[in-house]
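Chemist: Fold the stuff below for me.
(one chain, ligands or ions: 1)
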Amino acid sequence: MTTPIDTEVLVAGGGIAGLAAALAAARAGLSVRLFEQTERLAEVGAGLQLGPNAVRVLAEWGLLDALREVAAFPDALVVRDAPGGAELGRLRLGERARARYGHPYATVHRADLHTLLWRAAAAQAQVELALGRTVLGWQADEGAVSVHLSNGATTSGRLLLGCDGLWSRVRVPLLGDTMPVPTGHIAYRGLVDQSGLPAAQRQRDVVAWLGPKMHAVCYPVRRGEHLNVVVIVHGALDGDMQNWSHAADVADLRAAMGRVAPGLDAVLHAVPQWLRWPLFERPLITGPQAHGSGRVALLGDAAHPMRPYLAQGAAMALEDAWSLGRLLAQQPGALADPTPVLRGWANERWPRNAWVQARSRRNGRIFHLLPPMSWGRNLAMAALGERLLDVPRLYGGLATD
Ligand SMILES: Cc1cc2nc3c(=O)[nH]c(=O)nc-3n(C[C@H](O)[C@H](O)[C@H](O)COP(=O)(O)OP(=O)(O)OC[C@H]3O[C@@H](n4cnc5c(N)ncnc54)[C@H](O)[C@@H]3O)c2cc1C
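Modeler: Sure thing, here's the model as predicted:
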């Protein structure tokens, strides 16, 4: 006997991947119940850069106007030497990104993107979003999958989308693997109100500062009203590893960064409060099994957490959701046996996600080079400029094009 179902699609986790997945499934005509463990929507996380590939997904869902209300659209990505301050390279964004890739390059506060997706998902009649519900486990039989929730309830559907992030519980019975491991890198994050800065210090571009065993990235969010500042240094941290919001001591950050150029120093000085969290990862994915099987799919960080050095983790979560939604819409009735549709989707997604994971790691190694290797990097950037900084395979869009 098969389990009767309460809804067609169950979603574990209401971050960027979960909300995007709920929206994509609803747009494919399916009923959705999403469970998010936090009790209320809070301002968690830092800024996010959204390459044209990510903006394209939002545009396909009709969310470009909503994005325009909260995002900034930088004119350039500028790379600078952190100790010396010299410009090493520049990638024109703005109109060039629009012309080349069909969509702009945006920068946004994670909380603003999250709210935008929450509203879009909540506006779909067949979507139910539940806060304060932790998915404790799941069980699948021939015709259904059931999730066990922290309030003691069990709910059943045809398909479970595991969007529960880096520390995913949904993935454990599927992949049977171990916990995420520390990368040995720590992220510090601050937000600066640009209206309080001297005009010369207000920033419209993405600026990446590269130094030995560190880099900093600063870019505008909230229509340019705030400047998001993230610094990555080497080191280890104790405490709650799953929390993105440890208060941080600026003296520790300065000690880890070493000497920096006056331009970067001024930005660091302007940050009123620092938060920090250790960065974790999992081994690079190696095949379609990373995206789940049977009645359970894994999306976003639950499937393929990545170092943030290509700024594409949320973008890949959006792409995962978009591409699954497109396949589900093309195959009405697919949920009677979702195995073929999930296999097709996983085959479509895993090579791109694996490539972005690997490229993110490589970027981190290049960003943090010590002299004399860093001199070679700087020379290559000066010689190749935009050809080195642009990534057409990434920004050009989804693998299905
Ligand atoms: C410093 C830094 C900078 C970054 N910069 C960028 C960038 O510029 N561009 C970009 O695209 N990406 C960036 N990323 C990556 C991006 O933040 C992540 O890849 C993205 O947020 C992953 O989204 P997700 O929904 O998969 O996971 P998460 O955001 O972790 O969401 C998972 C959700 O599931 C919930 N949850 C967990 N377990 C359960 C459970 N058992 N039951 C119910 N709910 C549960 C959690 O509360 C959470 O809301 C950056 C990351 C870092 C660390």
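Chemist: Quick one: residues contacting the closest residue to the ligand within the stretch 101-250 of the chain.
Modeler: Taking C-beta to the nearest ligand atom, the ligand has its nearest neighbour within the stretch 101-250 of the chain at Gly165, 2.7 Å off. C-beta coordinates here come from the backbone N, C-alpha and C atoms, glycine included. Gly165 is in contact with Gly13, Gly15, Ala17, Gly300, Asp301, Ala302, Pro305, counting by C-beta atoms under 8 Å, 6 or more residues apart in numbering.
Chemist: What is the three-state secondary structure of the third one?
Modeler: So that's Ala17. Here Ala17 takes the helix state, with states given by DSSP: H, G, I helix; E, B strand; the rest coil.
Chemist: quick one, what contacts it?
Modeler: Residues near Ala17 by C-beta under 8 Å, 6+ apart: Cys163, Gly165, Leu299, Gly300, Asp301, Ala302, Ala317, Leu318, Asp320, Ala321.
Chemist: thought the third one was touching Ala321?
Modeler: The one in question is Leu299. Yes - using C-beta atoms under 8 Å, Leu299 is in contact with Ala321, at 6.1 Å.
Chemist: which residues are in contact with both of those two?
Modeler: Common neighbours of Leu299 and Ala321 (C-beta under 8 Å, 6+ apart) are Ala17, Ala20, Ala21.
Chemist: Which of those sits closest to the ligand?
Modeler: Nearest to the ligand among these is Ala17, at 3.3 Å by C-beta to the nearest ligand atom.
Chemist: Give me the nearest residue to that closest one, chain neighbours excluded.
Modeler: Of all residues not flanking Ala17 in the chain, Gly300 sits nearest, at 2.7 Å (C-beta to C-beta, 6 or more residues apart in numbering).
Chemist: ok, now how distant is the one you found from the ligand?
Modeler: 2 Å (C-beta to the nearest ligand atom, to the nearest Å).
Chemist: count of residues packed around that residue?
Modeler: Using other C-beta atoms under 10 Å, Gly300 has 30 other residues around it.
Chemist: just Met316 next, same as before
Modeler: 27.
Chemist: wait, does the one helix or strand it maps to contact the ligand?
Modeler: Met316 belongs to helix 313-330 when assigned by DSSP states H and E. Yes - contact of helix 313-330 with the ligand (C-beta under 6 Å from any ligand atom) involves Gly313, Ala314, Ala315, Ala317.
Chemist: how deep is the nearest residue to the first one once chain neighbours are set aside tucked in, by neighbour count?
Modeler: Just to be clear, that refers to Gly313. Nearest residue to Gly313, sequence neighbours excluded (C-beta to C-beta, 6+ apart): Met306, at 5.2 Å. Neighbour count of Met306, defined by other C-beta under 10 Å: 24.
Chemist: before we move on, what about Asn353?
Modeler: 25.
Chemist: doesn't Asp301 make contact with it?
Modeler: No - counting by C-beta under 8 Å, Asp301 is not a contact partner of Asn353; they are 10.7 Å apart.
Chemist: what's the neighbour count on whichever residue of the stretch 301-401 of the chain sits closest to the ligand?
Modeler: Nearest residue of the stretch 301-401 of the chain to the ligand (C-beta to the nearest ligand atom) works out as Gly313 at 2.1 Å. Gly313 has 21 neighbouring residues, counting by other C-beta under 10 Å.
Chemist: now Asp177
Modeler: A count of nearby residues for Asp177, using other C-beta under 10 Å, gives 11.
Chemist: go on, the one 4 residues further on?
Modeler: Here the count is done by other C-beta under 10 Å, and Val181 has 10 residues near it.
Chemist: Number the chain from 239, please
Modeler: Will do, 239 is the new start, and the previous item becomes Val419.
Chemist: how about it, phi and psi?
Modeler: Phi and psi for Val419, reported as degrees, to the nearest 10, are phi -110, psi 150.
Chemist: That one: what's it in contact with?
Modeler: Phe518, Glu519, Arg520.
Chemist: go with 7 Å
Modeler: Phe518, Glu519 (C-beta atoms under 7 Å, 6 or more residues apart in numbering).
Chemist: Local confidence estimate at the nearest residue to Gly256 once chain neighbours are set aside?
Modeler: Leaving aside its sequence neighbours, Gly256 sits nearest to Cys401 (C-beta to C-beta, 6+ apart; 3.5 Å). For Cys401, the pLDDT comes out at 98.
Chemist: close enough to count as contact, the residue nearest to Gly551 and Ala553?
Modeler: No - using C-beta atoms under 7 Å, Met544 is not in contact with Ala553; the gap is 10.1 Å.
Chemist: picking that back up, my guess is the residue nearest to Gly256 contacts Ile254, does it?
Modeler: No - Cys401 is beyond contact range of Ile254, at 8.4 Å (criterion: C-beta under 7 Å).
Chemist: Now Ala391, what are its backbone angles?
Modeler: When read as degrees, to the nearest 10, the backbone of Ala391 gives phi -80, psi 160.
Chemist: Stretch 582-599: how far from the chain's middle?
Modeler: Relative to its parent chain, stretch 582-599 has a centroid offset of 14 Å by C-alpha atoms, centre = their mean, to the nearest Å.
Chemist: do the same with stretch 541-560
Modeler: The answer for stretch 541-560 is 5 Å, by C-alpha atoms, centre = their mean.
Chemist: end-to-end on that stretch?
Modeler: 15 Å (C-alpha to C-alpha, to the nearest Å).
Chemist: Asp319 versus the residue nearest the centre of the chain, what's the distance?
Modeler: Per C-alpha atoms, centre = their mean, the C-alpha nearest to the average position across the chain is that of Ala552, at 2.1 Å. Applying C-beta to C-beta, to the nearest Å, the value for Ala552 to Asp319 is 28 Å.
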